[in-house]
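Visitor: coordinates only, sequence not included:
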């Protein structure tokens with residue numbers, strides 16, 4: 001495995017800028033990071049697709065209603 005180390009102050013500053021992942025995903029309106037929202041979606045997707053994960057009909061309907069309710073227009 002290769003390991004790269006910054007060789008100057010400029011390279012160090014550039015690596016800190018590139019590695020600032022909280023600043024890479026931001027809301028255009030107020031500039032707040034979306035990272036938590038993205039992690040929540042990934043966590044939920046993992047939990048729903050694990051082996052031996054079963055949900056009741058009522059839980060499925062609530063998930064579907066919540067997902068469709070956030071759409072901008074009605075179907």
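Guide: Thanks, I have it. These numbers were taken from a predicted model, which means no experiment stands behind them.
Visitor: All the strands of the protein, residue numbers only.
Guide: Counting by DSSP state E, the chain has no strands at all.
Visitor: For residue 58, give its distance to residue 64.
Guide: The spacing between residue 58 and residue 64, counted by Cβ to Cβ, to the nearest Å, is 11 Å. (C-beta placed from N, C-alpha, C; glycine too.)
Visitor: Same check on residue 17?
Guide: Residue 17 is 41 Å from residue 64, by Cβ to Cβ.
Visitor: tell me what the worst-scoring helix or strand of the chain on mean pLDDT is packed against?
Guide: Least confident helix or strand of the chain, by mean pLDDT, DSSP states H and E, is helix 35-48 with a mean of 74. The contact analysis (3 or more Cβ pairs under 8 Å, 6 or more residues apart in numbering; DSSP states H and E) places helix 35-48 against no helix or strand.
Visitor: Report the distance from stretch 7-21 to the chain centre.
Guide: The gap between where stretch 7-21 is centred and where its chain is centred comes out at 23 Å by Cα atoms, centre = their mean, to the nearest Å.
Visitor: Correction: the previous question concerned stretch 43-50.
Guide: The chain centre lies 13 Å from the centre of stretch 43-50; the measure is Cα atoms, centre = their mean.
Visitor: Show residues contacting it.
Guide: For stretch 43-50, contacts defined as Cβ atoms under 8 Å, 6 or more residues apart in numbering pick out 53, 55.
Visitor: Sketch out the low-pLDDT regions of the chain for me.
Guide: Under the criterion pLDDT under 70, the flagged ranges of the chain are 1-2, 21-26, 28, 33-38, 70-75.
Visitor: at 90 what do you get?
Guide: Residues of the chain meeting the criterion pLDDT under 90: 1-7, 11-55, 60-75.
Visitor: Tell me how many other residues surround residue 30.
Guide: If you count neighbours by other Cβ atoms under 10 Å, residue 30 ends up with 6.
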